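S.K.: based on what follows, work out the 3D shape:
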Amino acid sequence: MVKSTKKEPEYTLNVFPLYDEQTKREVIVFLVQTTKIFVSFRYEILLEESVEDRVITLRILGLHVPEILMPQTGPARGRRDLTNIAGVHTVRVIKQDKSVNDFEFDFSPQEIALRHKPKDVFILASTDPVEIQ
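M.R.: Residues are numbered from 1 along each chain as shown. Next up, the predicted model:
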C-alpha cells in the first residue's frame, strides 16, 4: 500500500476589518502570505483581484523583489483592501499552476466568519487580524 503524502499549505489568507487612517474608512483586508520565511528580503506577492456577483477572486501572479532592497526577514506578502462587502461571499484563490481553493465567508458589521473551506488546501484561511507594517 502506498502512503499518500499530504502537502503542506504554501500560503495563508487572513481576512479582517481594518480602519484605514489614510482614507478614513473601514476596509476589509485580504492578506496573502507565504508559509515560507525568506531570510534576505521580504518579497511582495503580486495579486490580481476581481469581484463579480458574490465571488471575490484573488489570483496569485508570483513574487516580486521589493524596490527598496533593505534586508528583512519574513514571509512574502500581498494585500488587497476592499470596501462595501456584505453577506455571504466565495473567496476564490488561484495559484500560478491554476490550482483553486474556494472559501465561503460571511461578512457582517459585527464580524467576518469563515463558513466553509475546501478539504485539500494550498492556502490556509483565517479571520485573525495580522499586524500591518
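S.K.: from Pro75, how far out is Glu104?
M.R.: Distance of Glu104 to Pro75, given as CB to CB, to the nearest Å: 25 Å. Backbone N, C-alpha and C define where each C-beta goes, glycine included.
S.K.: and what of Phe16?
M.R.: 17 Å.
S.K.: any chance you could map the strands in the protein?
M.R.: 11-20, 25-38, 44-52, 55-64, 74-82, 87-94, 100-107, 112-116, 123-126 (DSSP state E).
S.K.: what packs against the shortest one?
M.R.: This means strand 123-126. strand 11-20, strand 100-107 (3 or more CB pairs under 8 Å, 6 or more residues apart in numbering; DSSP states H and E).
S.K.: of all the ones you listed, which one is nearest Ile132?
M.R.: The minimum distance between Ile132 and the helices and strands packed on strand 123-126 falls on strand 11-20, with 7.2 Å, by CB to CB.
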